[in-house]
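Asks: how would this look folded up:
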Amino acid sequence: MPQAVLKDKRGLTLVEVLISLVVLLLVFLALMQTALVSIDSNMINVLRDEAVNVAEDQMNIARNLPFANLVNLGPSAVTRNLRNIPNFSYNVTRTITNINADTTQVAIAVTWTWKGNPYNHTISTILRR
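Replies: Numbering: from 1, shown residues only. Predicted coordinates:
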């Protein structure tokens, strides 16, 4: 079987090179968008994990208070240093609901804003005298 002989030895035309570059550019743009979405999702998860830590810290503070000293606390700011974000602010609110004379429900709400979107995390527990 004889080898096929190339009759057209001109190579790639300028139009073919430009079309391949445009296709390659579109592929890279899609990969960059995917990377940006991944980074943003990762940061949202980091912020949520830290909000859980803030809520747990605040709940431990409330549990260590004497039962008679439990009071509602309005929004207070808690700042944390996260990755490349120094002093990221979380707003913490403690709500006390008296169930009866010896039982109280404590709810800790942590709110924060990331890229203009509000997020929150709430935990609650029942404390007995």
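
Asks: tally of neighbours for the residue nearest to E56 when sequence neighbours are not counted?
Replies: Computed as C-beta to C-beta, 6 or more residues apart in numbering, the closest residue to E56 that is not its neighbour in sequence is I123, at 7.3 Å. All C-beta atoms are positioned from the backbone trio N, CA, C, and that covers glycine. For I123, the neighbour count with other C-beta atoms under 10 Å is 14.

Asks: how far away is I123 from V52?
Replies: 8 Å (C-beta to C-beta, to the nearest Å).

Asks: helices or strands next to the one helix or strand in the chain whose mean pLDDT sits lowest in the packing?
Replies: Lowest by mean pLDDT, DSSP states H and E among the helices and strands of the chain is strand 73-82, with a mean of 88. Judged by 3 or more C-beta pairs under 8 Å, 6 or more residues apart in numbering; DSSP states H and E, the packing partners of strand 73-82 are helix 14-64, strand 85-100.

Asks: which element is the residue nearest to E56 on?
Replies: Taking DSSP states H and E as the definition, I123 sits inside strand 117-128.

Asks: relative to that strand, what are the paired strands and their orientations?
Replies: Strand 117-128 pairs in its sheet with strand 103-114 (antiparallel), by DSSP bridges.

Asks: only alpha carbons, please: show the partner strand as CSV.
Replies: C-alpha atoms of strand 103-114 as CSV (Å, rounded to 0.1, in the frame of the first residue of the first chain):
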residue,chain,number,x,y,z
THR,A,103,-36.1,26.8,82.2
THR,A,104,-34.9,29.2,79.6
GLN,A,105,-34.2,28.9,75.9
VAL,A,106,-31.1,30.7,74.6
ALA,A,107,-30.8,31.4,70.9
ILE,A,108,-27.7,32.8,69.3
ALA,A,109,-28.0,34.3,65.8
VAL,A,110,-24.9,35.2,63.8
THR,A,111,-25.4,37.2,60.6
TRP,A,112,-22.9,38.4,58.0
THR,A,113,-22.7,39.9,54.6
TRP,A,114,-20.6,38.6,51.7
